[in-house]
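In: I need the structure of the sequence given here:
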Amino acid sequence: MRFREGFTLIELMIVVVLIGILVGLAVTRYRAAIGNSRRSEAFMVLKQLYELELSYYEEYGTYAASLSPNVFPMKSWMLPSETRRYDYTACAGKTGDIRTSVWIVATEKGDADLDGNGFEQIRVDEDGVFYGDM
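Out: Numbering: from 1, shown residues only. Next up, the predicted model:
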């Protein structure tokens, strides 16, 4: 009787297919984790801007509107990363008047959270309630 050495082509193909399936599962989980971390960064920035808006309101009796994306009239505030994945703006909220209500909006640039939907928005109002892509 003769002994076989090595693997057959079928055995090698099965191993390659199994490795491909495992890699496919790992890549999708990795992309989801990256998207969640980017979304968490946007929530963190929105929360910080919300706190700054509240202190601005306490001092001046009105909310501060941003004149263009990522420009806020509060001193000593800077976006956390050099790679900006979201644009942040503050505009008039539910009442339509910046003096009484404010929306702080994070609009993703392209598909920042890698969920397949581009340019989604996350908003927080003057009461601290978040709306949008959670």
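In: For the rest of this, base every contact and every neighbour count on C-alpha atoms.
Out: Noted.
In: dump the residue contacts of residue 50.
Out: Shown in contact with residue 50 (C-alpha atoms under 8 Å, 6 or more residues apart in numbering): 104, 124, 126, 128.
In: Secondary structure class of the residue nearest the centre of the chain, three-state.
Out: Here the mean C-alpha position of the chain is nearest to the C-alpha of residue 39 (C-alpha atoms, centre = their mean), at a distance of 2.4 Å. Three-state assignment for residue 39 (DSSP: H, G, I helix; E, B strand; the rest coil): helix.
In: Distance of it relative to residue 108?
Out: In this view, residue 39 and residue 108 are 9 Å apart by C-alpha to C-alpha, to the nearest Å.
In: and the closest residue to residue 130 other than its chain neighbours, how many neighbours does it have?
Out: Closest residue in space to residue 130, ignoring its immediate chain neighbours: residue 124 at 4.4 Å, by C-alpha to C-alpha, 6 or more residues apart in numbering. For residue 124, the number of neighbouring residues by other C-alpha atoms under 10 Å comes to 22.
In: is it true that residue 124 touches residue 105?
Out: Yes - judged on C-alpha atoms under 8 Å, residue 124 makes contact with residue 105 at a distance of 6.7 Å.
In: tell me, what's touching the two both at once?
Out: Counting by C-alpha under 8 Å, 6+ apart, the residues touching both residue 124 and residue 105 are residue 46.
In: Chain neighbours aside, what residue packs nearest to residue 132?
Out: residue 122 (4.5 Å).
In: gap between the one you found and residue 94?
Out: 15 Å.
In: So between those two, which is more surrounded?
Out: Counted by other C-alpha under 10 Å, residue 122 and residue 94 do not tie: residue 122 has more neighbours, with 21 against 13.
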